[in-house]
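>>> structure here, sequence nowhere to be found:
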């Protein structure tokens, strides 16, 4: 794995270092003492290979209703929305000083269930369980973790499949258009509900990384650090194009019925195709070659029919069908559009100008084979942050997994994140003592 340390003036001269070198340069600090919180506690040392990694175990899903009239959420589109039910989960223990809270932010099809499981026999393990738990990158023996399902989704937070209190029917397309900024507004209201005034960090991959950036922009005084992973500061024409094809697949399904399908058959064929298209962008040419190549699916020769010949065809159809079991087609339309609306340069002359008021420390991570949000877009973020004199650490991880690497390259990510958070927490506590 190779790390690239950004230079503040010349974007062409990205110095290449081994990971151990960059860690030695940037994270040579004294051990961090943490309060004893349950199983863990004690001292955090730079070498954590001997730590016992564990699971957060059985977790409890939570929900709260916010934005009650007469204080609804004012959306970027100009409309208001309220009340809003928010599904969320928390892990770890909040310190008496409330200085160890970290907000984990999920991607397009994610949810609040980031770690653990709901029952011993449950096979539904949290989507980032390898990163969140005792001794892991986001160490629940040291930090208090929050993850909330975004507005517009279908996993417990108010979205187009939710009941409109004014009609007693699902919102469907009467649900207002949403943005990443709106999602972050709801997260802020959840913070208020939990009595948390400041976050040690905001972190997430893909759309979660966009939310992390937006959090730091919208609430610069509330965020100590941000960890945007495999993400961008604005959707490109290519990103928008792929999303539009997916939306058109859904809307072309006869079962979509202008979004009014909740008492009828769902537009699963269109949603499955949208997912298949999206899933291709999450992989890389190398990973698809290694995983499938041109191997046939349960046959010795080509069938010369329009059915499944190749393993990759079977895989995509399986992924599409499984997705329809857990996701709502209208939510896919709304959230993918929110991704396309995301542009931190809108209304300003440059990304550096948008970052002018930021105060947070940043750890920016990209992956060499990610062509959905390639490394040059991460470098644009880093360059704009450095132009404002902010503390920035950047790492490109060599990986063949494509965009999905942020869910799979956990060993490399953990090493970076663990030390970055320790350094940040040290700075927070030292500042309070001075």
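On my side now, so go ahead. The model shown is predicted, which means the values in this text are computed figures rather than measured ones.
>>> where along the stretch 1-150 of the chain do the helices fall?
Shown for the stretch 1-150 of the chain, the helices assigned by DSSP state H, counting those that start in this stretch span residues 19-26.
>>> where does the prediction get shaky in it?
Counting by pLDDT under 70, the stretch 1-150 of the chain has low-confidence residues at 1-52.
>>> can you pull out the strands in it?
All strands of the stretch 1-150 of the chain, identified by DSSP state E, counting those that start in this stretch, fall at 2-5, 15-18, 32-34, 42-44, 62-66, 73-74, 80-81, 84-91, 101-105, 132-133, 138-139, 144-148.
>>> are we agreed that residue 191 is in a helix?
Yes. Assignment of residue 191 by DSSP: H, G, I helix; E, B strand; the rest coil places it within a helix.
>>> quick one, what contacts it?
Contacts were defined as CB atoms under 8 Å, 6 or more residues apart in numbering; by that measure residue 191 touches 101, 103, 146, 197, 199, 222. Just so you know, the C-beta spots here come from the backbone N, C-alpha and C atoms, and that holds for glycine as well.
>>> most neighbours, which of these?
residue 103 (29 neighbours; other CB atoms under 10 Å).
>>> give the contact list for that residue.
The contact partners of residue 103, by CB under 8 Å, 6+ apart, come to 146-148, 187, 191, 199, 201-203, 215.
>>> run the last query once more with 6 Å
By CB atoms under 6 Å, 6 or more residues apart in numbering, the contact set of residue 103 is 146, 199, 202.
>>> with residue 87 instead?
63, 112, 149, 156-157.
>>> mind running it again at 7 Å?
61, 63, 112, 148-149, 155-157 (CB atoms under 7 Å, 6 or more residues apart in numbering).
>>> ok, of those, which come out buried?
Among the contacts of residue 87, those scoring as buried are 112, 148-149, 155-157 (criterion: 16 or more other CB atoms under 10 Å).
>>> nearest to residue 247, of those residues?
In terms of CB to CB, no member of the buried ones among the contacts of residue 87 lies closer to residue 247 than residue 155, at 19.8 Å.
>>> give me the nearest residue to the closest one, chain neighbours excluded.
Nearest non-adjacent residue to residue 155, counting by CB to CB, 6 or more residues apart in numbering: residue 111, 3.7 Å away.
>>> what about that neighbour, distance to residue 127?
When distance is defined by CB to CB, to the nearest Å, residue 111 is 7 Å away from residue 127.
>>> same drill for those two, tell me which one is more crowded.
The neighbour comparison of residue 111 against residue 127 (other CB under 10 Å) goes to residue 111, with 24 against 20.
>>> my guess is the more buried one contacts residue 154. True?
No. Using CB atoms under 7 Å, residue 111 is not in contact with residue 154, being 8.7 Å away.
>>> which residues touch residue 233?
With CB under 7 Å, 6+ apart as the criterion, the residues that contact residue 233 are 213, 344-345, 351, 377, 380-381.
>>> switch to 8 Å and redo it
Applying CB under 8 Å, 6+ apart to residue 233 gives the contacts 213, 343-345, 351, 354, 377, 380-381, 384.
>>> ok, it to residue 209 distance?
For residue 233, the distance to residue 209 equals 10 Å [CB to CB].
>>> of the buried ones among the contacts of residue 87, closest to residue 67?
Taking CB to CB as the measure, residue 67 sits nearest to residue 157 out of these, at 11.5 Å.
>>> assign that closest one to helix, strand or coil.
Reduced to three states with three-state DSSP, the structure at residue 157 is coil.
>>> ok, and the closest non-adjacent residue to it?
Spatially, and ignoring its direct neighbours in sequence, residue 157 is nearest to residue 149 (4.0 Å; CB to CB, 6+ apart).
>>> any idea how many residues pack against the nearest residue to residue 328 once chain neighbours are set aside?
If the residues on either side of it in the chain are set aside, residue 328 comes closest to residue 154, at 3.8 Å by CB to CB, 6+ apart. Other residues within reach of residue 154, judged by other CB under 10 Å, total 22.
>>> list the contacts for residue 154?
When the contact criterion is CB under 8 Å, 6+ apart, the partners of residue 154 are 160-161, 327-328, 331.
>>> now do 6 Å
Under the criterion of CB under 6 Å, 6+ apart, the contact partners of residue 154 comprise 161, 328, 331.
>>> closest one to residue 107 out of those residues, please.
Minimum distance to residue 107 across the contacts of residue 154 is 13.1 Å, recorded for residue 331 (CB to CB).
>>> the closest one: neighbour count?
Taking other CB under 10 Å as the definition, residue 331 ends up with a neighbour count of 23.
>>> list the buried residues in the helix or strand harbouring it.
For residue 331, the element it lies in under DSSP states H and E is helix 329-341. Residues of helix 329-341 classed as buried under the neighbour-count rule (16+ other CB under 10 Å) are 329-341.
>>> which one of the residues you listed sits closest to residue 371?
The shortest separation between residue 371 and any of the buried residues of helix 329-341 is 16.1 Å, and it belongs to residue 339 (by CB to CB).
>>> contacts only, for the closest one.
When contacts are counted by CB under 6 Å, 6+ apart, residue 339 is found next to 207, 235.
>>> distance check, it against residue 206.
Applying CB to CB, the value for residue 339 to residue 206 is 9 Å.
>>> and residue 265, by the same measure?
When distances are taken as CB to CB, residue 265 and residue 206 turn out to be 30 Å apart.
>>> repeat for residue 378
12 Å.
>>> swap in residue 346?
Here the criterion is CB to CB. By it, residue 346 lies 20 Å from residue 206.
>>> which elements pack onto the strand or helix carrying residue 412?
In the assignment (DSSP H and E), residue 412 maps to helix 410-433. Contacts defined by 3 or more CB pairs under 6 Å, 6 or more residues apart in numbering; DSSP states H and E place helix 410-433 against strand 32-34.
>>> which residues touch residue 143?
Listed by CB under 6 Å, 6+ apart, the contact partners of residue 143 are 92, 100, 102.
>>> scan those residues and report the most crowded one.
Neighbour counts for those (other CB under 10 Å) peak at residue 102, which has 27 neighbours.
>>> that one contacts residue 202, correct?
No. Between residue 102 and residue 202 there is no contact, the gap being 7.4 Å when judged by CB atoms under 6 Å.
>>> ok, back up a step: turn the contacts of residue 87 into TSV, including distance to residue 179.
Below are the contacts of residue 87 laid out as TSV (distance: CB to CB, whole Å):
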residue	distance to residue 179
61	26
63	23
112	20
148	16
149	16
155	19
156	20
157	15
